[in-house]
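Engineer: Give me a model of this one.
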Amino acid sequence: MQSQLDYRDTPSLLIDVEKMERTLKEMATVAADAGVALRPHVKTHKCTALALRQLELGARGITVAKIGEAEVMAHAGIRDIRIAYPVVGEYKLKRLAKLMERAEVSVSLDSVEVARGLSDLGRRLGRRIPILLKINAGLNRTGVLPEDAVTAARALESLPGVQLVGILTHEGQALKEPSRDGAKQVALRVGAIMVETAQRLRQAGFGIEEVSVGSTPTVRDIARVPGVTEIRPGTYIFNDFNEVTLGVASEETCALTVLATIISIPADDRAVLDAGAKTLSSDLLSPPSARKGYGYIKGYPDITIARLNEEHGILTLQNAKSTLKIGQQVEIIPNHVCPVVNLADVMYLMRNGVCEGQLEILAAGKNR
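Structural biologist: Sure, this is the predicted structure:
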């Protein structure tokens with residue numbers, strides 16, 4: 001394990017504790033004021049200590065993408081876990097059975113084939129596993145179309161080992177919008193789709209209790225759509241440059257940065273960082289943007305992280321040899337913070353420039 005004093009041995013992930021705490025408390029207030037449950041997605045931070053902090057501040061439970069994340073969180077004592085991902089195959093069903101000995105687990109899905117495996121497991125365990133029907137509300141990834149929801153629900157109702165308790169969506173298409181107002185319109189449109197879909201299902205005789213939505217760009221607007229019952233934001237805990245570009249965050253509300261060191265200045269139009277694709281990930285900005293590159297270097301808006309190799313970040317700029325120095329350290333706001341955290345094993349807690357501790361990223365790499 002790295003010591004608390006070696007955060008400057010780069011590349012390192014730094015968390016501004018005060019910025020993170022402000023955002024955590026603000027999101028808890030958003031949920032409370034809207035009268036909805038907050039179930040944050042922990043795939044962003046992958047850290048049990050931060051998940052427990054979210055629960056301390058009023059979160060109802062947590063959301064995970066993979067069983068591996070759920071296993072880590074359950075080991076830390078977290079008991080209300082939603083797997084917002086289809087659980088497919090005997091290997092995963094066996095792991096789910098063990099997980100359900102320690103936690104109350106619900107699963108989202110979009111097909112009777114996935115539900116059938118869960119139902120067989122539920123019958124073996126003598127219980128009905130709560131499931132949520134995934135709705136495709138415009139992202140066009142997984143999910144049934146809203147107009148097909150009743151048909152899909154009828155296919156599920158004959159399965160004795162599962163219980164349909166709600167519907168769920170992820171309105172990630174908001175990241176493709178060019179502005180904050182565009183994201184708001186996505187939020188209102190998806191919120192209306194989900195509430196209307198839930199109502200059609202209820203009229204068809206299904207006991208839909210939960211209408212679960214979630215994405216950081218939309219959450220402050222969709223939470224207030226009457227009929228929505230749960231929000232599942234993830235990125236909000238740190239924010240990233242995607243959110244800045246979209247207008248739902250600012251440089252001042254980005255709590256996580258990557259500390260990196262200039263290791264080479266081979267030409268006056270180029271410099272090299274010790275943070276490459278294995279640190280910053282290869283994600284470019286999602287919203288349409290004139291800004292290019294693989295992250296934003298604080299204090300240097302005219303420098304572009306133009307290319308990444310595994311261990312190198314190549315910067316383009318003018319007058320590199322007079323602007324930067326070998327050995328100089330810079331802080332980078334990631335384009336997309338979630339994969340950056342997943343690539344690390346520890347994050348350092350910073351307050352007023354002083355390192356006050358570290359957090360292990362216990363679910364890093366738990367991608368199955």
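Engineer: Give me the residues contacting the top helix by length along the chain.
Structural biologist: In the chain, with assignment by DSSP state H, the single longest helix is helix 180-203. For helix 180-203, contacts defined as Cβ atoms under 8 Å, 6 or more residues apart in numbering pick out 135, 137-138, 146, 149-150, 153, 166-167, 169, 171, 173-175, 177, 208, 211, 213, 217-219, 221-222, 225-228, 246-248. Where C-beta positions appear, they are placed from N, C-alpha and C, glycine not excepted.
Engineer: phi, psi of Gly143?
Structural biologist: Note on Gly143: backbone dihedrals following degrees, to the nearest 10 are phi 110, psi 150.
Engineer: Let me know whether it touches Asn136 as I believe.
Structural biologist: Yes: using Cβ atoms under 8 Å, Gly143 is in contact with Asn136, at 3.3 Å.
Engineer: any shared contact partners between those two?
Structural biologist: Common neighbours of Gly143 and Asn136, counting by Cβ under 8 Å, 6+ apart, are 110, 169.
Engineer: Could you check which of those two has the larger neighbour count?
Structural biologist: Neighbours per residue (other Cβ atoms under 10 Å) separate Gly143 from Asn136, with Gly143 holding more: 23 against 18.
Engineer: So the more buried one versus Leu109, what's the distance?
Structural biologist: 10 Å (Cβ to Cβ, to the nearest Å).
Engineer: Can you check which residues contact both of these two?
Structural biologist: Common contacts of Gly143 and Leu109 (Cβ under 8 Å, 6+ apart): Lys134.
Engineer: ok so, going back, inside strands: which ones of the contacts of helix 180-203?
Structural biologist: Of the contacts of helix 180-203, the ones assigned to strands by DSSP state E are 166-167, 211, 213.
Engineer: how about the longest helix of the chain as CSV, C-alpha atoms only?
Structural biologist: Only the C-alpha atoms of helix 180-203 are listed here, as CSV (Å, rounded to 0.1, in the frame of the first residue of the first chain):
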residue,chain,number,x,y,z
ARG,A,180,-27.1,22.9,-20.3
ASP,A,181,-30.6,23.7,-21.7
GLY,A,182,-30.3,20.8,-24.1
ALA,A,183,-29.6,18.4,-21.2
LYS,A,184,-32.6,19.9,-19.3
GLN,A,185,-34.9,19.2,-22.3
VAL,A,186,-33.6,15.6,-22.4
ALA,A,187,-34.4,15.3,-18.7
LEU,A,188,-37.9,16.6,-19.0
ARG,A,189,-38.6,14.5,-22.1
VAL,A,190,-37.3,11.2,-20.5
GLY,A,191,-39.0,11.9,-17.2
ALA,A,192,-42.3,12.3,-19.1
ILE,A,193,-41.7,9.1,-21.0
MET,A,194,-40.9,7.1,-17.9
VAL,A,195,-43.9,8.4,-15.9
GLU,A,196,-46.3,7.7,-18.8
THR,A,197,-44.8,4.2,-19.3
ALA,A,198,-45.3,3.4,-15.6
GLN,A,199,-48.9,4.6,-15.8
ARG,A,200,-49.6,2.4,-18.8
LEU,A,201,-48.2,-0.6,-16.9
ARG,A,202,-50.3,0.2,-13.9
GLN,A,203,-53.4,0.4,-16.0
